[in-house]
Each structure stands twice: as structure tokens, then as C-alpha cells.
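**Q** just need the structure, nothing else, for what follows:
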Amino acid sequence: MHTVVILLFQGVELMDFAGPAEVFIVTDQSKSFQVVTVAESREPIKTMGGVTISPDFAFGEEPKADILVVPGGDLSSVNEAGRTWLKKKADESGIVFSVCYGAFLLANTGLLDSMQATTHHWGITDLRKAAPTCKVIEGKRFVVDGNLVTSAGVTAGIDAALYIVERLKGKAAATWTATEWLEYRGEAQ
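**A** Here you go, the predicted structure:
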């Protein structure tokens with residue numbers, strides 16, 4: 001069982017974390033991944049669209065992450081404590097996976113230095129400025145650089161999550177999750 005830890009914060013983009021969460025939750029009929037959420041506190045947070053979510057854990061209480069998911073949204077609400085937590089947790093995680101503008105949190109903590117990455121097409125130019133040593137790739141749904149997986153806008157997080165499922169559990173598991181459960185016909189890398 002792989003543990004997926006998803007960072008939440010006030011103004012998080014709902015689909016950025018919910019899409020990948022669903023992929024991991026249903027893979028192998030819920031026998032392969034344990035998905036948990038974490039935020040600065042266990043107090044409920046509101047997503048960009050106003051949906052209220054209660055995190056499972058506060059920083060420091062969460063289990064070790066095999067996969068750390070960093071979604072986008074209102075990144076200004078991720079304060080210094082959140083960025084410090086992110087850097088520490090990323091160093092301990094097997095795979096670090098950002099969705100959309102979550103790449104900017106990785107850039108801010110130095111996690112994109114000398115790496116390849118992508119983000120939503122609206123943010124490509126700004127990501128190049130935020131992470132000048134990162135090779136920012138345009139036109140890809142997701143980019144893999146070792147144990148770093150970054151995805152473009154919103155639904156591209158589903159494609160990247162399916163890639164991670166295939167990497168860890170095999171093509172059959174990823175295909176079943178995409179076609180049988182999600183009825184999703186996303187794009188390959």
C-alpha cells in the first residue's frame with residue numbers, strides 16, 4: 001500500500017487535488033493507495049470554488065508520503081510554515097507530484113532547480129522566471145524528471161496520476177483505472 005499525501009490550503013483548486021485523489025483511491029479497487037490530506041491545521045478550508053474540506057492531518061501529524069501531491073490554487077495562502085513543511089516533506093517522499101500552479105510552490109522551495117517541469121499554459125513564462133535553472137516544458141500534459149512529476153492545468157493532473165499508477169502498479173492497473181472506473185480517455189505523455 002502506497003501512501004499519497006495531498007497538501008491542502010485555503011483556496012486550493014478542487015480538481016487539482018480531487019482528480020488525482022480519485023485516480024489513486026480507485027486503483028486496484030482501493031487496495032493499492034491510501035490517500036490522506038494535510039494542511040497547516042485540521043480546521044476546514046475552502047477551495048477556490050467555495051467547497052469546504054476538512055483535512056485529515058495538520059502539518060507534522062501525517063504519515064510518511066510515498067507520493068506527495070502539491071495542487072495549485074491561491075498559493076498566497078501557503079505561508080512560510082507551509083513552504084517549510086513542503087520542502088521537508090518533499091525530501092522524504094518517493095515521488096513529488098505537482099498539479100497546475102502547484103509547480104510554483106515547488107519553484108519557491110527550490111525543488112525545481114536544475115529540473116524539467118511544466119505547469120498550466122498561462123503560467124509557463126512566469127514559471128521560467130520563478131525557477132530560472134528549471135527547463136520549463138510547454139505543450140506537454142505532464143513532465144517526468146526522476147521522482148518529480150509536474151502536470152499542466154487541472155485535468156492534466158489525472159493523466160499524471162495515471163502515469164504514476166502505471167509506474168508503480170503496471171500498465172494493466174492504470175488502464176483499468178482509466179477505462180473501467182473513470183471512463184477517462186486522457187492523453188499520454
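**Q** give me the three-state assignment for residue 112.
**A** With DSSP: H, G, I helix; E, B strand; the rest coil as the basis, residue 112 sits in coil.
**Q** tell me the phi and psi of it?
**A** Phi and psi for residue 112, reported as degrees, to the nearest 10, are phi -100, psi 0.
**Q** now do the SS call for the residue nearest to the spatial centre of the chain.
**A** Centroid check for the chain by CA atoms, centre = their mean gives residue 69 as the closest residue, at 3.0 Å. With three-state DSSP as the basis, residue 69 sits in strand.
**Q** quick one: residues contacting it.
**A** 4, 5, 6, 7, 17, 20, 21, 97, 98, 99, 102 (CB atoms under 8 Å, 6 or more residues apart in numbering). Using the backbone N, CA and C atoms, a C-beta is placed for each residue, glycine as well.
**Q** any idea which of those residues is closest to residue 147?
**A** residue 97 (9.3 Å; CB to CB).
**Q** tell me which element the closest one falls in.
**A** Here residue 97, judged by DSSP states H and E, is contained in strand 95-99.
**Q** quick check: bridge partners of the residue lying closest to the residue nearest to the centre of the chain once chain neighbours are set aside?
**A** Excluding the flanking residues, the one nearest residue 69 by CB to CB, 6 or more residues apart in numbering is residue 6, at 4.3 Å. For residue 6, the beta-bridge partners are residue 37, residue 69 (DSSP bridges).
**Q** residue 17 is in contact with residue 6, correct?
**A** Yes: with contact defined as CB atoms under 8 Å, residue 6 reaches residue 17; the gap is 5.0 Å.
**Q** now the common contact residues for those two.
**A** Counting by CB under 8 Å, 6+ apart, the common neighbours of residue 6 and residue 17 are 37, 69, 71.
**Q** how about the nearest residue to residue 95 once chain neighbours are set aside, what does it touch?
**A** Nearest non-adjacent residue to residue 95, counting by CB to CB, 6+ apart: residue 67, 4.6 Å away. Counting by CB under 8 Å, 6+ apart, residue 67 touches 2, 3, 4, 5, 24, 33, 93, 94, 95, 97, 164.
**Q** and if you look at residue 85?
**A** By CB under 8 Å, 6+ apart, residue 85 lies in contact with 40, 59, 60.
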